[in-house]
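In: Okay, sequence plus prediction incoming.
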Amino acid sequence: MRIAEPDGHLRQHLRHWLEENCPPAMRMPMAGEEDEVWGGTRAVFKHPDSRLWLERMASRGFTAPTWPVECGGAGLSPAQANILEEELRHLGCRPPLHSLGLWMLGPVLLRFGSEAQKRRHLPPIARGALRWCQGYSEPEAGSDLAGVRTRAVLDGDHYIVSGQKTWTSHAAVSDWMFCLVRTGAESARHEGLGFLLVDLSSPGVDIRPIRLISGESPFCETFFDDVRVPAENLVGQPGQGWKIAMSLLEHERAWISRLGDADFTREEPLAVLARRYLGDEPGPLRDAVQRDRMAQVDMDRLCNASAVRLAVESMEAGHALGPESSVLKLQAMELRQRWRELKVELAGFQGLGWEGPGFSAEELRITRDWLRSRAHSIEGGTSEIHLNIIAKRVLGLPD
Amino acid sequence: MGLLETTEQESLRETARRFMRERMPLSHLRQLRDGRSSDGLSREVWRELAALGLAGITIPSRHGGMGLGWTELGVVLEECGRTLAPSPMMSTGVLGTTALILGGAPAQLREWLPLIASGEKLLSLAHDEGSRHAPYDVGTRASLGPDGYRLQGEKVLVLDGHIADAFIVVSRTSGSLGDREGLTLFLVPAQASGLHVTRTLLVDSRNAARVRLDDVLATPRDILGTLDRGAEVLDPLLDRARVALSAEMLGSLSEVFERTLAQLKTRRQFGAPIGSFQALKHRAARLHCEVTRTRAIVTEAQHALDEDRATVPLLASATKAKASDTFLHVANEAVQLHGGMGVTDACDIGLFLKRARVAAMTFGDGAFHRDRFARLRGY
């Protein structure tokens, strides 16, 4: 789709198209994570309309509005994409596709990838045909990404990859992985890294889920045993991996903070929860301490949403977000932890269940979400790593 | 409309910043304090500021002002906050002006607004009475007699009260203490008989006064807004004042944070800049996060005012709570990170700490606004 019309017309055009094409069920708020569509060959569509909605949006390039048309996008300018987003919000449309490919790999390929890589990998991402996961962390290198030891040794026109990744989110349901591998000497630290795209159906890849304290397994360990990866799947140059990975992380943090707010709007408001479990009549809650904490969380949520809004507008105006993304990530994740803890506390005895009977599905969710949230200040870089990034790269404090 | 600063706003900021640095730097506040100035501010400098158009930013151009919005006012207030500029910006530029614009009759606007914009007249809001901000706890009575209203009561923390040319007095014409209904705002000249003003010296060396009203006479023509329905002016007035003061606090807390950062980079201990120690780095990074959050919500609230969004009361409370808490936090940390120097009078950091306390209590502190926010949210 090529668009060369004034913004007013574009808005009208988009609104009309969305009204015609967004199924009514896709205009209802999502009930929870299970309503999210992540695409890929193992895609789950809880509602038949969610598949239709994805197909329609992808057919116009609207899942990746600013990407070039030949890469599966709509070729919109950032300002035009913003209009699309506003119109989607206006109608209350659900996001058609959640995807690390869209949010993280895509921008990186557009910046660092070869023409062939863009044309091959971007369209399936925009359609939601393939799902990508991120392979950065390793057992010996959690937050210390420069300590990556998974090796990729060039053998003719293939890399032979061997090593182990850990904390790989959703690897078991993904098709491909973008990962950091060591293409040079261990001693070279940052300079010896490459950014490699790996097909997870390749022989020698073994994926095992990791069970968390919440009883769930969103993370996996991924083992590479002499996996052959075509050399053309290396993005950029062999020593450029660190720079590419860092650029990608800034996108990741921006999205983490943005998604961090989505949960607030789709879950039951704290006030409803408090009223139910504290057993209060209408009017100010009697527990002034809990009420004060609720207001603090509630207000900080508003502050974070405004901070994200400012950052997004700044990016749309052409300024790179840079290390400020660490501020957003840190704030969003720590706020979510406070919110999860508060929900457990408000629920009292009903927030202690592990499985039924005696507890509703929502109550069990509260417990598990709280346990899950303890990882928020660890995954995607620990809070301490982000404080270091802010101190050094935003504030310019010395080493 | 986006939240990013426009080029016009940037140049306004530049103008304000230069003026504050040159004419109202921190040393200006020190001079007034140490010289025991009776006014507590320089009227001459205020008129210079007015000549730049900054005293009447939100006053419509037909009344001699710049006719700009809350975002622009916020930009200027932020720069005032950076140097703790002692000026009637809050009393006159925000409270007086806004009360007139919200509730003034055409004649009142014509009489007052041009003189405010030119820096010649100062106004003051006489509102709070107890030891804490409580908008409807008004005991000052205005009783209707044959010759008009007789005002009786006492007001505290009346900003710039000792130099104001007139007062906007929040009085009770019906109902009882705590009621939102029954309030009436009167515009009373400072020389009215029965009006007694005592300047109070506050910890931040800025201006406030106690005002006693002893049978002060006012007529129905002196009413701002509508009889008994003063809250319809007072509520939006206070919300605007909260956002405006938050912008000033944002300037102050940004300044004190930046000074602290400079200290961390230059002060050496154990053979290294103290900012290289991780324990201090993380504290600085956490402060930066709080400053970022505060800036975001202040900007959002200013835009909400300019766009007249229905969420203004909610955002005003969130903003004032956040700015109050962040300013206190940053100022406390700044003293600690400056070490022994931080508690000396020679170091400017203490001036910010003192200001943080006063600004936090003015128009409601964090606790007040969390309570109000919870009420507005229905818990």
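Out: Nice, I can see it. Here the structure is a predicted model, which is why all the values come from computation and not from measurement.

In: Quick one: the helices in chain A, in order.
Out: A:7-21, A:48-59, A:78-91, A:100, A:106-112, A:115-127, A:241-266, A:270-278, A:288-316, A:324-347, A:361-373, A:383-389 (DSSP state H).

In: The stretch 201-350 of chain B now?
Out: For the stretch 201-350 of chain B, applying DSSP state H, counting those that start in this stretch gives helices covering B:231-266, B:278-306, B:312-337, B:349-361.

In: The longest one: which residues count as buried?
Out: Spelled out, it's helix B:231-266. B:231-257, B:259-261, B:263-265 (16 or more other C-beta atoms under 10 Å in any protein chain shown). All C-beta atoms are positioned from the backbone trio N, CA, C, and that covers glycine.

In: Output the contacting helices and strands for it.
Out: Contact here means 3 or more C-beta pairs under 8 Å, 6 or more residues apart in numbering or on different chains; DSSP states H and E; on that basis helix B:231-266 packs against helix B:70-82, helix B:97-103, strand B:183-189, strand B:272-273, helix B:278-306, helix B:312-337, helix B:349-361.

In: a markdown table for these, including distance to A:S377, mean neighbour count and mean pLDDT?
Out: Listed next are the helices and strands packed on helix B:231-266 as a markdown table, based on distance: least, C-beta to C-beta, whole Å; neighbours: other C-beta atoms under 10 Å in any protein chain shown; pLDDT from 0 to 100:
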| stretch | distance to A:S377 | mean neighbour count | mean pLDDT |
| --- | --- | --- | --- |
| helix B:70-82 | 32 | 26 | 98 |
| helix B:97-103 | 43 | 23 | 98 |
| strand B:183-189 | 48 | 25 | 98 |
| strand B:272-273 | 28 | 14 | 96 |
| helix B:278-306 | 13 | 22 | 98 |
| helix B:312-337 | 20 | 25 | 98 |
| helix B:349-361 | 29 | 21 | 98 |
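
In: now those as TSV including distance to A:E250?
Out: Shown next, in TSV, are these (distance: least, C-beta to C-beta, whole Å):
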stretch	distance to A:E250
helix B:70-82	28
helix B:97-103	41
strand B:183-189	51
strand B:272-273	27
helix B:278-306	16
helix B:312-337	25
helix B:349-361	33
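
In: Let's have those in CSV, adding distance to chain A.
Out: Output for the helices and strands packed on helix B:231-266, formatted as CSV (distance: least, C-beta to the nearest C-beta, whole Å):
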stretch, distance to chain A
helix B:70-82, 13
helix B:97-103, 23
strand B:183-189, 22
strand B:272-273, 5
helix B:278-306, 4
helix B:312-337, 4
helix B:349-361, 15
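
In: right, and B:I116 touches B:T58 too?
Out: No: the criterion here is C-beta atoms under 8 Å, and B:I116 misses it with B:T58 at 10.3 Å.

In: Quick check on those two: which one has the bigger neighbour count.
Out: B:I116 (25 against 21; other C-beta atoms under 10 Å in any protein chain shown).

In: Please point out which parts of stretch A:382-389 sit buried.
Out: By neighbour count on 16+ other C-beta under 10 Å, the buried set for stretch A:382-389 is A:383-389.

In: so what's A:R2 scoring on pLDDT?
Out: Per-residue confidence for A:R2 comes out at a pLDDT of 44.

In: try A:E268
Out: For A:E268, the predicted pLDDT is 84.

In: Same question for the one 3 residues further on.
Out: A:A271 carries a pLDDT score of 89 in this model.

In: Setting the sequence-adjacent residues aside, check what's closest to B:A134.
Out: Nearest non-adjacent residue to B:A134, counting by C-beta to C-beta, 6 or more residues apart in numbering or on different chains: B:D128, 6.9 Å away.

In: Could I get the contacting residues of the one you found?
Out: By C-beta atoms under 8 Å, 6 or more residues apart in numbering or on different chains, the contact set of B:D128 is B:134, B:155-157.

In: Only the buried subset of these, as a ChimeraX command please.
Out: Restricted to buried positions by 16+ other C-beta under 10 Å, the ChimeraX selection for the contacts of B:D128 reads:
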select /B:155,156,157
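
In: what sits against A:S247?
Out: A:107-108, A:111-112.

In: Could you tell me the end-to-end distance of stretch A:306-324?
Out: Stretch A:306-324 has its terminal residues 14 Å apart, counting by C-alpha to C-alpha, to the nearest Å.

In: Need the residues that contact it.
Out: With C-beta under 8 Å, 6+ apart as the criterion, stretch A:306-324 contacts A:78-79, A:81-82, A:250, A:253-254, A:257-258, A:261, A:325, A:327-328, A:331-332, A:389-390, A:393-394, B:2-4, B:292-293, B:295-297, B:299-300.

In: swap in stretch A:374-382?
Out: A:142-143, A:167, A:169, A:212-213, A:219, A:249, A:252-253, A:256, A:326, A:329-330, A:333-334, A:336-337, A:383, A:389.

In: Tell me how far that stretch lies from the chain's centre.
Out: 13 Å (C-alpha atoms, centre = their mean, to the nearest Å).

In: got the end-to-end distance for it?
Out: Across stretch A:374-382, first to last residue, C-alpha to C-alpha, it's 11 Å.

In: before we move on, what about stretch A:126-146?
Out: Counting by C-alpha to C-alpha, you get 30 Å between the two ends of stretch A:126-146.

In: Can it be said to contact chain B?
Out: No: using C-beta under 8 Å from any C-beta of the partner chain, stretch A:126-146 stays clear of chain B, with a minimum separation of 13.9 Å.

In: Now do that stretch, average pLDDT.
Out: For stretch A:126-146, mean pLDDT is 88.

In: Settle this for me: A:V161 is touching A:D199, isn't it.
Out: No: contact between A:V161 and A:D199 fails when scored by C-beta under 8 Å: they sit 11.1 Å apart.

In: which residues do these two both contact?
Out: Joint contacts of A:V161 and A:D199 (C-beta under 8 Å, 6+ apart) are A:V229.

In: The two: which is more packed in?
Out: A:V161 (23 against 14).

In: so where do the strands sit in the stretch 101-250 of chain B?
Out: Counting by DSSP state E, counting those that start in this stretch, the stretch 101-250 of chain B has these strands, from start to end: B:123-126, B:141-145, B:148-159, B:166-172, B:183-189, B:195-201, B:207-218, B:223-224.

In: Mean neighbour count, these: which tops it?
Out: strand B:123-126 (a mean of 28; mean count of other C-beta atoms under 10 Å in any protein chain shown).

In: helices and strands around that one, which ones?
Out: Counting by 3+ C-beta pairs under 8 Å, 6+ apart, strand B:123-126 packs on helix B:97-103, strand B:148-159, strand B:166-172, strand B:207-218.

In: I'd like to check the angle between the third one and strand B:141-145, please.
Out: Interaxial angle, strand B:166-172 versus strand B:141-145 (axes from the mean of the first three to the mean of the last three C-alpha atoms, to 10 degrees): 90 degrees.
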